[in-house]
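1. Based on what follows, work out the 3D shape:
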Amino acid sequence: MEIEKKDIRSLSKQQLRDFFVANGDKAFRGNQVYDWLWSKASHSFEDMTNVSKETRTMLENNFVINHIKVDTMQRSEDGTVKNAVRLHDNLIVESVLIPTETRTTACVSSQVGCSLDCNFCATARLKRMRNLEPGEIYDQVVAIDRESRLYYNRPLSNIVFMGMGEPLMNYNNVMKAIDMITSDEGLGMSPKRITVSTSGVSKMIKKMADDGVKFKLAVSLHSAIEETRNHIMPFTKNFNLPDLREALEHWYRKTKSKVTYEYVVWKGINDDKASIDALVKFCKYVPCKVNLIEYNPIDDGEFQQASDEAIDNYIKALGKNDIVAKVRRSRGKDIDAACGQLANKS
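-> Okay, the predicted model is just below:
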């Protein structure tokens with residue numbers, strides 16, 4: 001029976017160095033291979049031209065590189081690019097390139113399917129198959145950076161973890177991926193250009209703060225009324241609003257970084273005055289800004305886009321209380337938007 005080979009990208013640089021020493025080679029060979037794997041984002045041992053043929057064969061015999069492949073790519077009239085990304089085990093996730101005049105944002109996935117049960121989200125209808133590995137998250141960013149350079153003649157400027165999955169339910173792998181994305185040995189991107197979005201996993205928000213992360217935090221809130229929030233996102237019964245408030249206050253104390261609230265307004269669900277007043281009150285707990293998001297309906301069911309008047313009422317109330325609020329219009333409407341609210345992020 002053939003032994004399953006280990007993904008070489010699961011090894012640290014020191015482990016690679018140790019591997020080469022144990023196989024009668026010099027430790028610096030590990031540095032060379034590490035550079036190919038991360039800085040050069042190589043998907044094949046054959047690419048490693050400054051390594052001997054014998055060494056490449058040895059690597060081939062011992063390891064694999066479980067890289068992603070962009071299976072299909074769709075380009076919207078507004079410039080949005082959506083990638084269906086095939087993983088080494090043939091599972092599919094999605095990532096999106098969202099261009100504006102001044103920047104290009106990558107929206108990446110962290111899980112195949114999702115652990116949570118948000119009623120408005122298409123991804124929640126897919127059970128969670130598995131977590132993505134750090135290299136698979138990293139590869140999505142590399143692919144979008146290449147597309148940005150190809151189509152817009154500029155490198156990727158921002159990353160949002162708002163694709164498939166709940167990033168904080170894949171905490172270790174997401175943090176390792178961000179470490180490599182921001183490392184000089186990886187893509188060298190500033191952590192301040194990265195936003196991790198959570199549906200409100202309180203204990204993990206605290207952990208991020210305690211771990212001293214430098215990236216930004218977004219919270220998919222959608223209601224500051226407990227009963228309404230639980231209806232929209234049933235799993236939040238385990239992460240109630242008082243716990244979320246405490247976690248966010250802890251986050252701000254530790255990081256001094258503002259929180260962004262992602263907030264979809266739906267007709268007949270959270271478009272009333274009580275919902276607006278509750279959000280205004282919640283926004284006063286920690287410095288924040290609010291993104292009011294235009295909804296992409298996934299069917300003709302309960303969740304439908306609220307009226308412009310309802311959005312205006314939110315904007316006025318937040319503005320009157322000196323809370324920064326922006327309306328995020330849906331992007332890529334003319335291409336498939338199977339991945340929850342993926343196409344909405346900009």
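2. how far out from the middle of the chain is the helix or strand hosting V280?
-> Following DSSP states H and E, one finds V280 within helix 273-283. Using CA atoms, centre = their mean, to the nearest Å, the distance from the centre of helix 273-283 to the centre of the chain it belongs to is 27 Å.
3. what's that helix in contact with?
-> Counting contacts by CB atoms under 8 Å, 6 or more residues apart in numbering, the residues outside helix 273-283 that touch it are 221, 223-225, 228, 241, 245, 261, 263, 290, 313-314, 317-318, 321, 323. Heads up, the C-betas are built off the backbone N, CA and C, glycines and all.
4. again with stretch 150-159
-> Taking contacts as CB under 8 Å, 6+ apart, the residues outside stretch 150-159 that touch it are 75, 79, 81, 97, 99, 103-106, 108, 141, 144-145, 148-149, 181, 189, 193-195.
5. and the helix holding V280, C-alpha only, in PDB?
-> C-alpha atoms of helix 273-283 as PDB (Å, rounded to 0.1, in the frame of the first residue of the first chain):
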ATOM      1  CA  LYS A 273     -36.800  51.800  14.500                       C
ATOM      2  CA  ALA A 274     -36.200  49.400  17.400                       C
ATOM      3  CA  SER A 275     -33.500  47.700  15.300                       C
ATOM      4  CA  ILE A 276     -31.900  51.000  14.400                       C
ATOM      5  CA  ASP A 277     -31.900  52.200  18.000                       C
ATOM      6  CA  ALA A 278     -30.400  48.900  19.200                       C
ATOM      7  CA  LEU A 279     -27.500  49.200  16.700                       C
ATOM      8  CA  VAL A 280     -26.800  52.800  17.600                       C
ATOM      9  CA  LYS A 281     -26.600  51.800  21.300                       C
ATOM     10  CA  PHE A 282     -24.300  48.800  20.500                       C
ATOM     11  CA  CYS A 283     -22.000  51.000  18.400                       C
END
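6. Compute the inter-axis angle for the helix or strand just after that helix and helix 273-283.
-> Using DSSP H and E, the helix or strand that follows helix 273-283 towards the C-terminus is strand 288-293. Relative orientation of strand 288-293 with respect to helix 273-283: 140 degrees, computed using axes from the mean of the first three to the mean of the last three CA atoms, to 10 degrees.
7. If you count neighbours, what's buried in strand 288-293?
-> For strand 288-293, burial by neighbour count (16 or more other CB atoms under 10 Å) applies to 288, 290-293.
8. for stretch 209-227, same thing?
-> Buried residues in stretch 209-227, counted by 16+ other CB under 10 Å: 209, 213, 215-225.
9. Nearest to N31, out of the buried residues of strand 288-293: which one, please.
-> For N31, the closest of the buried residues of strand 288-293 turns out to be N291, at 42.0 Å, with distances computed as CB to CB.
10. quick one: the closest one from I137, how far?
-> Summarising the geometry, the distance separating N291 from I137, computed by CB to CB, to the nearest Å, is 23 Å.
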